[in-house]
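>>> Could you work out the structure for the sequence below:
(2 chains)
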Amino acid sequence: DQQVKQNSPSLSVQEGRISILNCDYTNSMFDYFLWYKKYPAEGPTFLISISSIKDKNEDGRFTVFLNKSAKHLSLHIVPSQPGDSAVYFCAARDTGNQFYFGTGTSLTVIP
Amino acid sequence: NAGVTQTPKFRVLKTGQSMTLLCAQDMNHEYMYWYRQDPGMGLRLIHYSVGEGTTAKGEVPDGYNVSRLKKQNFLLGLESAAPSQTSVYFCASEPGGDPNTEAFFGQGTRLTVV
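Numbering: from 1, shown residues only, chains lettered A, B, ... in the order given. Okay, the predicted model is just below:
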């Protein structure tokens, strides 16, 4: 069973507009959530995270929102830039030592 | 800093052959992980280690073995490769001890088993 789900395999957005990537999870024991960005032929790189005690974390153009009651988090990128085109993975961590990853969303920012 | 380095970057194996993937990190991290990435499946944890001399099974450990003889190295072995093990393998590490930290990934190893 996939404990972290990204239901949109792909997303296309015009440059300058907002990109919203969504992620749902099933395990209520997850207490730390992360977003990773991955370019082709490279490893994932950390983008932004949020602890379960918060509902929002912002870092420049990137904001992550957490809705614990809905078991949902989202990543907002504004304004979107062509260099943001990549695959974005949502990840969650429980009280153990494992990260659980979603299947990824491929974002294309159109110039 | 090199960060997390994986060798080799590419490999083609015949069914039944064995090989070892090496992951090396220079950040003095305690925790290390091996993942595989398959289309439509995201990253799935194979094995992990929380310190030198320790290993534990992840979500998809069958057909793989690991060793952590030195803190900086985490080896992933395939004893008898199968086509189902065709995948991209990623190693990751993190400091450990603080649950609110991120993992750092290597560039990946693309393995094809024919």
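
>>> Can you pull the phi/psi pair for residue A:82?
Dihedral angles of residue A:82 (phi, psi; degrees, to the nearest 10) stand at phi -50, psi -30.

>>> Quick check, it in contact with residue A:107.
No - contact between residue A:82 and residue A:107 fails when scored by CB atoms under 8 Å: they sit 10.5 Å apart. In short, each C-beta sits where N, CA and C put it, glycine included.

>>> who touches residue 94 in this structure?
All of this is about chain A. Contact analysis of residue A:94 by CB atoms under 8 Å, 6 or more residues apart in numbering or on different chains lists A:27, A:29, A:30, A:31, A:100.

>>> my bad, chain B
By CB under 8 Å, 6+ apart, the residues touching residue B:94 are B:29, B:30, B:31, B:101, B:102, B:103, B:104.

>>> ok, which pair from those residues is furthest apart?
The span of those, defined through CB to CB, is set by B:30 and B:102 at 14.3 Å.

>>> For these two, work out which one has more neighbours and name it.
Neighbour tally, residue B:30 and residue B:102, criterion other CB atoms under 10 Å in any protein chain shown: the higher count belongs to residue B:102, 21 against 15.

>>> Find the least confident helix or strand in chain A, judged by mean pLDDT.
Least confident helix or strand of chain A, by mean pLDDT, DSSP states H and E, is strand A:99-101 with a mean of 91.

>>> buried stuff in it?
Neighbour counts using 16 or more other CB atoms under 10 Å in any protein chain shown place A:99, A:100, A:101 of strand A:99-101 among the buried residues.

>>> Can you narrow those residues down to the ones near chain B?
Applying CB under 8 Å from any CB of the partner chain, the subset of these adjacent to chain B comprises A:99, A:100, A:101.

>>> Tell me the residues of chain B that contact chain A?
So chain B meets chain A at B:4, B:31, B:33, B:35, B:40-45, B:48, B:50, B:56, B:58-59, B:90, B:92, B:99-100, B:102-108 (CB under 8 Å from any CB).

>>> Great, nothing more from me.
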